[in-house]
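Participant: could you work out the structure for the sequence below:
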Amino acid sequence: MAHAIRFYEPGPPEVMRWESTEVADPGPGEVRIRHAAVGLNFADTYFRTGLYPAALPAGLGVEAAGTVEAAGPGVTDYREGDRVTYTGSPLGAYSTERVMPTASLIKLPDAIAFDTAAAMTMRGLTTSYLLRRIRPLKAGDTVLLHAAAGGVGLIFCQWAKLLGIRVIGTVSTEEKAAVARAHGCDEVILYPREDVAAGVRELTHGQGVPVVFDSIGATTYESSLNSLARRGLLVCFGTASGPIPPIDAMQLAVKGSLFVTRPALADYIADPAERALLAGELFDHVGSGRIRIEINQRYALADAVQAHRDLEAGRSIGSSAFTL
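Facilitator: Residues are numbered from 1 along each chain as shown. Below you'll find the model as predicted:
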């Protein structure tokens, strides 16, 4: 019998329920997948709380890896036994098995384990487009990265090191600072007790950085703007502390003709060719060991409530995954 996490109303972690489910046969353009591991991402909490809309009742989760068990009529690019990973719609990755459209799937190389894939497909592809698509960066550039010890943060620091990019990272504790440094973060600012913008100015000889990568949102928006060099770019790719405030265009002019963007991964992997390029580079780095994915929190899928409690309390370091 298949099982899945579902929720019937938005709210705290306790709204999630572990239920038995029926999985239909795949239709045209679909396959049935048995999951081996499921990704746990902060974005999952946005759907659960209602920050991101979902038609209720709904499943939860957008990332998993596993094996194709059956292919629907007319499907020729996937067959039984294929190893796959995915990230993105539709919701429902918090499940033991499910039917998925083939357009959402990425074939998984044998060199990458299922749990590794589930812990890094969303985070790795996010890092890939942040570093390779948003703004051209070259060796010797310095950037500011918030949440440097998070799932995206640890992949980002390692990848930036490969590109010769200097990373100033923010973290909340000394423990997280040590983890960030061990993964290639060059300078660390402890934001609970240090002025982030002042620290960035000191580390850049008063210039600021050309790009800030901010997944925190509301509480870091102002310090992010104040950390930018003239004509710098603030990349807001997450809202862990809440949405950013309304943008004051004149403030951007006064602070140095700044730019702000709010990208979404879906728009960088919508084109199959671009998705293949981003995934190929990611898989090559991970498969060769140049970028390592450490799963520091593992949960049973039935324990999703506790997993979300830990995630929202900031107790997670690096990547997390549900293993089946």
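Participant: so A160 sits against V167, correct?
Facilitator: Yes. In this structure A160 lies within contact range of V167 using C-beta atoms under 8 Å: 5.0 Å. In this view, the C-beta of every residue, glycine as well, is placed from N, C-alpha and C.
Participant: what's the mean pLDDT across the helix or strand hosting D284?
Facilitator: Remark: D284 resides in helix 272-288, with elements defined by DSSP states H and E. On average, the pLDDT along helix 272-288 is 96.
Participant: may I see the buried residues of that helix?
Facilitator: Neighbour-count burial for helix 272-288, counted by 16 or more other C-beta atoms under 10 Å, picks out R275, L278, A279, E281, L282, F283, H285, V286.
Participant: low-scoring stretches of the protein, by residue?
Facilitator: For the chain, no stretch is flagged by pLDDT under 70.
Participant: repeat that for 90
Facilitator: 1, 42-43, 51-52, 88-89, 239-243, 294, 314-319 (pLDDT under 90).
Participant: domains of it?
Facilitator: 2-122+266-323, 135-261 (automatic domain parsing).
Participant: got the ones you listed as TSV, with distance to S128 columns?
Facilitator: Shown next, in TSV, are the domains of the chain (distance: least, C-beta to C-beta, whole Å):
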stretch	distance to S128
domain 2-122+266-323	4
domain 135-261	8
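Participant: out of those domains, which is closest to Y129?
Facilitator: When these are compared by C-beta to C-beta, domain 2-122+266-323 sits nearest Y129, at 4.0 Å.
Participant: which SS class is V212?
Facilitator: Following DSSP: H, G, I helix; E, B strand; the rest coil, V212 is assigned to strand.
Participant: overlap in contacts of A160 and V167?
Facilitator: V143, L145, G184 (C-beta atoms under 8 Å, 6 or more residues apart in numbering).
Participant: just the buried ones from the residues you listed?
Facilitator: Buried by 16+ other C-beta under 10 Å: V143, L145, G184, out of these.
Participant: ok, the second one touching V171?
Facilitator: No. Assessed by C-beta under 8 Å, L145 is found out of contact with V171, at 9.9 Å.
Participant: and stretch 239-247, how far from the chain's centre?
Facilitator: Put simply, stretch 239-247 sits 17 Å off its chain's centre (C-alpha atoms, centre = their mean, to the nearest Å).
Participant: list the buried residues in it.
Facilitator: Of the residues in stretch 239-247, those buried under the neighbour-count criterion (16+ other C-beta under 10 Å) are T239, A240, I244.
Participant: phi, psi of the first one?
Facilitator: Backbone dihedrals for T239, given as degrees, to the nearest 10, come out at phi -140, psi 50.
Participant: report the contact partners of the closest residue to it other than its chain neighbours.
Facilitator: Counting by C-beta to C-beta, 6 or more residues apart in numbering, G217 is the residue found nearest to T239 once chain neighbours are left out, at 3.6 Å. Taking C-beta under 8 Å, 6+ apart as the contact definition, G217 lies against C236, G238, T239, A240, S241, G242, P243, I244.
Participant: quick check, the fourth one in a helix?
Facilitator: In this case it means A240. No. Counting by three-state DSSP, A240 is not found in a helix; it is coil.
Participant: count the residues that sit near R133.
Facilitator: 14 (other C-beta atoms under 10 Å).
Participant: any figure for the gap between V200 and D186?
Facilitator: Distance, V200 to D186, by C-beta to C-beta, to the nearest Å: 12 Å.
Participant: what sits in contact with each of those two?
Facilitator: In contact with both V200 and D186: I168, using C-beta under 8 Å, 6+ apart.
Participant: more neighbours, the two?
Facilitator: V200 (27 against 16).
Participant: wait, a helix at the more buried one?
Facilitator: Yes. Counting by three-state DSSP, V200 is located in a helix.
Participant: what's near enough to touch I112?
Facilitator: F283, V286, G287.
Participant: oops, could you answer that again for H146 instead?
Facilitator: Contacts for H146 (C-beta under 8 Å, 6+ apart) come out as G153, G169, T170, Y191, V212, F213, D214, S215, I216, T220, S224.
Participant: look up how far F322 lies from it.
Facilitator: 26 Å.
Participant: circling back to that earlier point, roughly how far out does the helix holding D284 sit from the chain middle?
Facilitator: For helix 272-288, the distance to the chain centre is 15 Å (C-alpha atoms, centre = their mean).
Participant: quick one: the helices in the stretch 151-300 of the chain, in order.
Facilitator: 151-163, 174-182, 196-203, 221-226, 249-254, 266-269, 272-288 (DSSP state H, counting those that start in this stretch).
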